[in-house]
Structures are given as C-alpha cells and as structure tokens.
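In: Sequence first, predicted coordinates after that:
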Number of protein chains: 2
Amino acid sequence: MANQLPQLDQVFAALADPTRRAIVMRLCAGEASVGELAEPFEMALPSFMKHIHVLEVSGLVQSEKSGRVRTCRLSPDALVGAEDWFQHQRAIWEARLDRFEAYVMKLKKERAAAKRLSKTTDKTTNKPSKRKGAE
Amino acid sequence: MANQLPQLDQVFAALADPTRRAIVMRLCAGEASVGELAEPFEMALPSFMKHIHVLEVSGLVQSEKSGRVRTCRLSPDALVGAEDWFQHQRAIWEARLDRFEAYVMKLKKERAAAKRLSKTTDKTTNKPSKRKGAE
DNA sequence: CTTATAGTTAGCTACATGGCTAACCAATTA
DNA sequence: TAATTGGTTAGCCATGTAGCTAACTATAAG
C-alpha cells in the first residue's frame, strides 16, 4: 500500500472548480474543440484556456491541435484513479462499521446475559457469538 | 440536470491536499483527537488545525470538544456524495463508449460490404488503409 | 495553587489561483 | 493578397491557501 500517486492532488484540485467539472461532464459526452467547450461560459478565452490547461496537467483531459483548432477529449484513467480512491476509503470505512456493529452486538448479548444472570429465575439459551474484535 | 451542490467544490478542494487525504484515511479507521491526528505530521499545530477546519467546512469531518480535547470523526455523507459524482460521470462515459463501439461496428460492416461491392466493379484505386472513425 | 496539556486566536509571509485586457500568431476563407 | 477565425502569450490584479511564530484560554494533574 504505497502512498498515493501525486496525480490525485491535481485531479481533485482540478475537480474542485465548477467550470472544470462542467468541462469534464461535457467531454464525457464526446470530444470537442476549445471554442465549443468555451461557448457556454461567460468568460474570456484566455481565462477559459487556463482551466483547460489545469485539466490537462491533471491528466483528466488530453488535447491535440490540427490546423488552427484544438480538440479536447477526456482521458478516463485519471478519473478512474480518483474513483478508486473513494472506493478504497469506503471499503475501509465499511469494514470498520462491520467491526463496530459486531462489537455492539457482542455488548448487547453480554448485557442481556448479565441481566439474565441477575434475575436467577429465567434461563434461556446462552450462545457465545463469533467475535471479530473491537475498537 | 441542475448544477451540482456547491458542497462538491469544498469536498474536492479538501481532498486535493495530501495531508487532508491522510487525515480522512486515518479517520476511516475510527475517530481520533486533534493531537493524535496531528502527531504523524511535522507541522505546527495551528497549521494543522487549518486542515481540520477545511475538512469540517467541506462536511467530510465532524468534531466535538469535551473537556480540553476535541474528537474528530468522519461523516461519510460528503464522501459518498463525491463518489456518486464519479459514478455518474463514468456511467455517461461508458454509455458513450457503447454507442461509439456500436458505431464502429456498423462502419466495419458497411466497409466490408462496400469492399465486396467494389471488388466486383472497380479494381483501380482501392485504399484498404485503416481510418479512424470520428463523431 | 501551580504547572503541564490541548487547543485556539491573531497576525504575518510567500505563493497559487482565477479572472481580466491587449497584443500576437497561424490557418482558413474571400 | 487581405480579412477572419481560433487560439495563444504576456502581463496585471485581487483573492485564497499553506505555512509559520507568539501569545492566549481553559482543563487536567500534581
């Protein structure tokens, strides 16, 4: 489990801006020229180009110029890499929740057993459950 | 398709920093005090606290102070929200890929048909080069 | 009561980011 | 060849971010 590629820094930073997320969403539907991409935004072209550049540096977008028009396309690897990070965290989180739940269940049973013991009149099934550890 | 909740801005911005990602990863394994969280980092406490604050504003982390110790825990909703964004984009992307593949298949068949046809009629300039399909 | 612990507040610096205008190529098109 | 189109470069400005030190507050612990 080595440390995350620094790529993640750039990818998340790129996605932190609504303009850039919109560009990514647009490119999910297919490639487009800079002009086409810029058209919906009320922003000077040089400003818009900076966003494109940030996306390229992050690896989310590739572009290529032919003639005088630059065509941009999504390069999904970086996107998938970031998604993986989430899934990994969620896996750890859920494993923890499972352990926690198991722990709570164990507590419940122990408390129930203690209660039964204190009553001395009631006898019921006392089965030890699988314990998976606690925190 | 309304615009994304502004939450996403903060969540992605929060995750764009390796220190903060490390904190989130640590909190996936269970809650911890600020001191415990700060310990692995060679950073002055006030600097570290800023990171905690960014995480709280983003909704990724909640904290609560009792006595003189502040305990932090992950609040997974924001994390899940961001993960959803990825899955949504990927769904669109994959749908597009499917359409594209279908389109290429159709092209292939048409070209094969055209080739068969031209072989019987015209033998002069038949270019068998692979050309990239466009949209 | 005194001291140590755990954060917190205030205020500073340096650099990154997001926006702009103006001027500048380099391919098309007329 | 001249004009237009599609991007690009350069440079400016305001704001935001990440780090620091120093000084402060409030709860434990001795």
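Out: Arrived safely. Numbers count the residues shown, from 1 in each chain, chains lettered A, B, ... in the order given.
In: who are the neighbours in contact with the spatially most central residue of chain A?
Out: Centroid-nearest residue in chain A, with Cα atoms, centre = their mean: A:F86, separated by 2.8 Å. A:F86 makes contacts with B:79, B:82-83, B:86, as judged by Cβ atoms under 8 Å, 6 or more residues apart in numbering or on different chains. C-beta coordinates here come from the backbone N, C-alpha and C atoms, glycine included.
In: That one: which element?
Out: Assigned by DSSP states H and E, A:F86 belongs to helix A:76-119.
In: Can you give me the distance of A:A22 to DNA strand C?
Out: Counting by Cβ to the nearest atom of the strand, to the nearest Å, the separation of A:A22 from DNA strand C is 11 Å.
In: where does A:K65 fall, phi/psi-wise?
Out: phi -110, psi 130 (degrees, to the nearest 10).
In: do the same with A:F12
Out: phi -70, psi -40.
In: do the one 4 residues further on as well
Out: The phi and psi values for A:A16, taken as degrees, to the nearest 10, are phi -80, psi -10.
In: and if you look at A:T71?
Out: Torsion angles, degrees, to the nearest 10, at A:T71: phi -100, psi 130.
In: and it, what are its bridge partners?
Out: A:S33, A:E64 (DSSP bridges).
In: okay but it is in contact with A:E36, surely?
Out: No: using Cβ atoms under 8 Å, A:T71 is not in contact with A:E36, being 9.2 Å away.
In: Who has more neighbours out of those two?
Out: A:T71 (16 against 13; other Cβ atoms under 10 Å in any protein chain shown).
In: ok, now how distant is the more buried one from DNA strand D?
Out: Where DNA strand D is concerned, A:T71 sits at a distance of 7 Å (Cβ to the nearest atom of the strand).
In: nearest spatial neighbour of A:M43, skipping sequence neighbours?
Out: Sequence neighbours aside, A:T19 is the residue nearest to A:M43 in space, at 7.4 Å (criterion: Cβ to Cβ, 6 or more residues apart in numbering or on different chains).
In: how about that neighbour, phi and psi?
Out: phi -60, psi -50.
In: List the residues that contact it.
Out: So A:T19 contacts A:41, A:43, A:48, A:51 (Cβ under 8 Å, 6+ apart).
In: Kindly indicate which of those residues lies nearest B:K65.
Out: A:H51 (39.7 Å; Cβ to Cβ).
In: count of neighbours near the closest one?
Out: Count around A:H51 with other Cβ under 10 Å applied: 20.
In: repeat for A:K108
Out: 11.
In: so what's it up against?
Out: A:K108 touches nothing, counting by Cβ under 8 Å, 6+ apart.
In: quick one on the thing from earlier: please report the distance of the residue nearest to A:M43 from A:W85.
Out: 23 Å (Cβ to Cβ, to the nearest Å).
In: Next to DNA strand C, which bits of chain A? Give me the list.
Out: A:13, A:16-17, A:19, A:42-44, A:46-48, A:50-51, A:54, A:66-68 (Cβ under 7 Å from any atom of the strand).
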